[in-house]
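Colleague: no sequence on this one, just coordinates:
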């Protein structure tokens with residue numbers, strides 16, 4: 001029986017309420033422009049957005065004429081995306097409720113597959129490898145994979161076990177733990193809602209650049225490039241984010 005992971009409850013209605021404060025419009029614009037530039041996208045590419053959420057990245061790309069397949073394991077996110085895209089008469093987006101390791105498409109189907117805003121690592125490394133092997137099969141020859149995620153080196157360097165923060169005007173408190181053996185980061189975020197304490201648990205496998213490059217190479221990807229930002233910045237221990245581009 002497949003293990004149940006905390007992400008299934010983490011990425012629900014409460015996350016959709018908080019996410020605009022994290023994945024804000026400025027960040028989204030930067031990511032969209034970075035994706036188009038780094039992947040040299042032409043019009044009407046066929047793109048799979050893995051871990052798409054409710055289409056924050058996919059919808060702007062669809063508006064530019066690309067054909068999008070949005071895959072996410074959160075029913076809440078997929079239903080939200082379907083509603084928004086229908087309201088905007090966007091017919092070039094296909095919504096798929098599925099875990100990445102369970103996805104099924106035709107081989108050599110996609111020009112690009114993107115995995116943005118730390119959408120990898122919520123399951124076991126074994127399942128992540130299965131998903132990435134499928135990514136390789138579903139990409140067209142010469143197609144590209146783009147992963148944008150946490151830079152583990154930076155996150156550990158700046159580790160703080162307890163943190164107060166604000167999501168809009170909502171104060172939140174987080175406790176954090178990193179397991180150096182498993183490579184998993186566990187973060188429990190708590191806040192008050194109508195005098196009741198709520199909490200959400202994030203449990204994710206943080207990969208180093210070396211680990212992800214090794215996994216992709218073992219699958220067959222080539223021309224693997226790694227950056228520390230959307231403007232081709234060199235990845236260093238002071239880079240908060242990490243981008244990996246790989247060719248089939």
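Modeller: Yep, that arrived. It should be emphasised that the depicted structure is a prediction, and the values quoted were computed from it without experimental measurement.
Colleague: Which pLDDT value belongs to residue 27?
Modeller: Note on residue 27: pLDDT of 89.
Colleague: again with residue 51
Modeller: 94.
Colleague: Then residue 2?
Modeller: 51.
Colleague: Which positions are bridged to residue 187 in the beta structure?
Modeller: Applying DSSP bridges to residue 187 gives these bridge partners: residue 176, residue 202.
Colleague: I figured it hits residue 175, correct?
Modeller: Yes. Applying C-beta atoms under 8 Å, one finds residue 187 in contact with residue 175, separated by 7.2 Å. All C-beta atoms are positioned from the backbone trio N, CA, C, and that covers glycine.
Colleague: Between the two, which is the more surrounded one?
Modeller: Of the pair residue 187 and residue 175, residue 187 is the one with more neighbours under other C-beta atoms under 10 Å, namely 17 against 14.
Colleague: Please name the residues that touch the more buried one.
Modeller: 174, 175, 176, 177, 201, 202, 203 (C-beta atoms under 8 Å, 6 or more residues apart in numbering).
Colleague: could you flag which of those are buried?
Modeller: 174, 176, 202, 203 (16 or more other C-beta atoms under 10 Å).
Colleague: how about stretch 144-163: buried residues?
Modeller: 144, 145, 146, 147, 148, 149, 150, 151, 152, 153, 154.
Colleague: next one: stretch 36-47
Modeller: Result for stretch 36-47 [16+ other C-beta under 10 Å]: buried residues 36, 38, 39, 41, 45, 46, 47.
Colleague: looking at this, the last one is in a strand?
Modeller: Yes. Secondary structure assignment (DSSP: H, G, I helix; E, B strand; the rest coil) places residue 47 inside a strand.
Colleague: Need phi/psi at the closest residue to it other than its chain neighbours.
Modeller: Nearest residue to residue 47, sequence neighbours excluded (C-beta to C-beta, 6 or more residues apart in numbering): residue 112, at 4.8 Å. With angles defined as degrees, to the nearest 10, residue 112 sits at phi -140, psi 140.
Colleague: and the gap between the residue with the largest distance to the centre of the chain and residue 188?
Modeller: Most distant from the centre of the chain: residue 195, at 32.4 Å, with distances by C-alpha atoms, centre = their mean. Distance of residue 195 to residue 188, given as C-beta to C-beta, to the nearest Å: 20 Å.
Colleague: who does the longest strand along the chain touch, helix- and strand-wise?
Modeller: Ordering each strand of the chain by length in residues (DSSP state E) puts strand 139-150 first. Packing contacts for strand 139-150, counted by 3 or more C-beta pairs under 8 Å, 6 or more residues apart in numbering; DSSP states H and E, involve helix 25-39, strand 110-115, strand 241-247.
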